[in-house]
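Participant: Quick one, structure for this:
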Amino acid sequence: MFALADVNSFYASCERVFRPDLKGKPIVVLSNNDGNVIARSAEAKPWIKMGTPWFQIKNVQVIMNFTPRCRRA
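Facilitator: Next up is the predicted model:
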């Protein structure tokens, strides 16, 4: 048996599960290795393109805060 699930803005939606305060705010999710955008919320899609590197968008006013997901203890 196989299953296929297609979720819009999957990683951004998952981040909202862990951070409900992000509801309605633009979210971008970056890749681990090269820091490129791999997911965008619907609010961020008009301003940020898929695959854009972090250094090109870090000063965009739409992005209000940056929180790394993987934190070391």
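Participant: So which bits of the longest helix seen in the chain are buried?
Facilitator: Of all segments of type helix in the chain, defined using DSSP state H, the longest is helix 10-18. Under the neighbour-count criterion of 16 or more other C-beta atoms under 10 Å, helix 10-18 has 11-12, 15-16 buried. C-betas here are computed from N, CA, C, even on glycine.
Participant: what's the answer for stretch 27-44, then?
Facilitator: Applying 16+ other C-beta under 10 Å to stretch 27-44 flags 27-30, 37-41, 43-44 as buried.
Participant: How about stretch 49-59?
Facilitator: 52, 57.
Participant: returning to what we had before: mean confidence score for the longest helix of the chain?
Facilitator: Mean pLDDT, helix 10-18: 85.
Participant: Point out the other elements, helices or strands, that it touches.
Facilitator: strand 28-30, strand 37-40 (3 or more C-beta pairs under 8 Å, 6 or more residues apart in numbering; DSSP states H and E).
Participant: Please convert those strands to TSV, extending it with distance to residue 58 and mean pLDDT.
Facilitator: TSV is the format used below for these (distance: least, C-beta to C-beta, whole Å; pLDDT from 0 to 100):
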stretch	distance to residue 58	mean pLDDT
strand 28-30	10	86
strand 37-40	11	88
